[in-house]
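Student: Build the 3D model from these lines:
(one chain, ligands or ions: 1)
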Amino acid sequence: MKGCGMKIWLDNGLVDKEQAKVSVFDHGLLYGDGVFEGIRVYGGKIFELEAHLKRLWDSAKVIRLEIPMTMEQMTEALYQTVRANNVVDGYIRQVVTRGVGDLGLNPYLCKRACVIIIAANIQLYKEELYEKGLKVVSVPTLRNHPMALPPQVKSLNYLNNIMAKIESIDAGASEAIMYNSEGYVAEASGDNVFIVKNGTIYTPPVQAGSLDGITRQVVMRLASQAGLPVVEKNLTRFDLYVADEFFLTGSAAEVIGVVEIDGRLIGQGAPGPMTQKLRKLFFEYARS
Ligand code: PXG
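Tutor: Model (predicted):
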């Protein structure tokens, strides 16, 4: 898709990729002031669109950002961008920045938020990692405290997660496991955490400090429907180390097994049966 007539939604309509530029005075760039969503497209249909729109509007409300269009207009803009780029199975990056302002923090001096929609493809991990499973590490950088920037806000300021990602890469791992200030598992740098122990699926409550992941919600629902017990519970490093299975969920990663954390092997060192089953259920649902 690169270069061959890619169209980007910018503010009020589609423009050529080469024309899709924002000002150096946009507070999205100057301060990371804005919100975004990463959404999958399966078979030409935008996956869990309502949930993504709701989350975007909630994130915007928290940071007092007015999105300059209605949800209906946004839906239309998303589909126009998907169709203009012939995206059938792909990925949408939807961004709303605070817009152009002064060299000063005050967001209220920015006249109008800027809307950007990119429809393309994404592959977060190499295909073989889905078969073999990921190696992850616990990182020293804590997930943002809820009384700082609440982790439920999907803001353009991802430095908290980027710090964690750097720490994991530097440690030779594929992903970071982030904890909260009380020592409970929060999430990975861009994915939610699940484990399986004695036949039960566990995931930390969102209040432990994670994004309210849409893939997480779907996986929890599919597991319940399949009669697999799912429990939201605070998890510690100990729980991860002794888990029978371990997997991550996210729009980019989908469902991916973890086979090693901090040098401890999970289960038999390969993605477990429950992980594989949920991955299969997820794709059946996504493609239905
Ligand atoms: N936690 C964080 C911090 C995230 O950024 C998730 C959990 C999973 O949420 P969803 O709703 O996607 O199931 C995310 C989402 C990327 C990329 O480019 C990252 C995400 C989504 C799309 C793309 O790395 N993370």
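
Student: alpha carbons only for contacts and neighbour counts from here, please
Tutor: Fine.

Student: Spell out which parts of the stretch 101-250 of the chain neighbour the ligand.
Tutor: 189-192, 210-211, 213-216, 249-250 (C-alpha under 6 Å from any ligand atom).

Student: make it 5 Å
Tutor: Counting by C-alpha under 5 Å from any ligand atom, the stretch 101-250 of the chain comes close to the ligand at 190-192, 211, 213-215, 250.

Student: burial count for residue 158?
Tutor: For residue 158, the neighbour count with other C-alpha atoms under 10 Å is 12.

Student: Columns pLDDT on top of the residues of the stretch 101-250 of the chain next to the ligand, output as CSV?
Tutor: Output for these, formatted as CSV (pLDDT from 0 to 100):
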residue, pLDDT
190, 97
191, 98
192, 98
211, 98
213, 98
214, 98
215, 98
250, 97
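
Student: Just the ones of those in helices?
Tutor: 214-215 (DSSP state H).

Student: With neighbour count added, can I get the residues of the stretch 101-250 of the chain next to the ligand in a markdown table?
Tutor: Shown next, in a markdown table, are those (neighbours: other C-alpha atoms under 10 Å):
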| residue | neighbour count |
| --- | --- |
| 190 | 23 |
| 191 | 25 |
| 192 | 26 |
| 211 | 21 |
| 213 | 22 |
| 214 | 20 |
| 215 | 22 |
| 250 | 21 |
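
Student: Show me which of the residues of the stretch 101-250 of the chain next to the ligand is closest to residue 33.
Tutor: residue 211 (17.5 Å; C-alpha to C-alpha).

Student: Hmm, that closest one is touching residue 154, no?
Tutor: Yes. With contact defined as C-alpha atoms under 8 Å, residue 211 reaches residue 154; the gap is 7.1 Å.

Student: Tally up the residues packed near the residue nearest to residue 216 when sequence neighbours are not counted, please.
Tutor: Distances taken as C-alpha to C-alpha, 6 or more residues apart in numbering place residue 249 nearest to residue 216, at 5.9 Å, with adjacent residues excluded. Around residue 249 there are 25 other residues, counting by other C-alpha under 10 Å.

Student: mind starting the numbering at 64 from now?
Tutor: That works, and once the first residue is 64, the last one we named lands at residue 312.

Student: Tell me where the stretch 164-313 of the chain has helices.
Tutor: Counting by DSSP state H, counting those that start in this stretch, the segments of the stretch 164-313 of the chain that form helices are 190-195, 222-233, 277-288, 300-304.

Student: Distance to residue 90 added to these, as a markdown table?
Tutor: Converted to a markdown table, the helices of the stretch 164-313 of the chain look like this (distance: least, C-alpha to C-alpha, whole Å):
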| stretch | distance to residue 90 |
| --- | --- |
| helix 190-195 | 36 |
| helix 222-233 | 16 |
| helix 277-288 | 27 |
| helix 300-304 | 38 |
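
Student: returning to what we had before: who are the neighbours in contact with the residue nearest to residue 279?
Tutor: 254-257, 276, 278-279, 318-319 (C-alpha atoms under 8 Å, 6 or more residues apart in numbering).

Student: 10 Å - rerun?
Tutor: 250-251, 253-257, 276-282, 318-320, 342 (C-alpha atoms under 10 Å, 6 or more residues apart in numbering).

Student: Same question for residue 172.
Tutor: Counting by C-alpha under 10 Å, 6+ apart, residue 172 touches 161-165.
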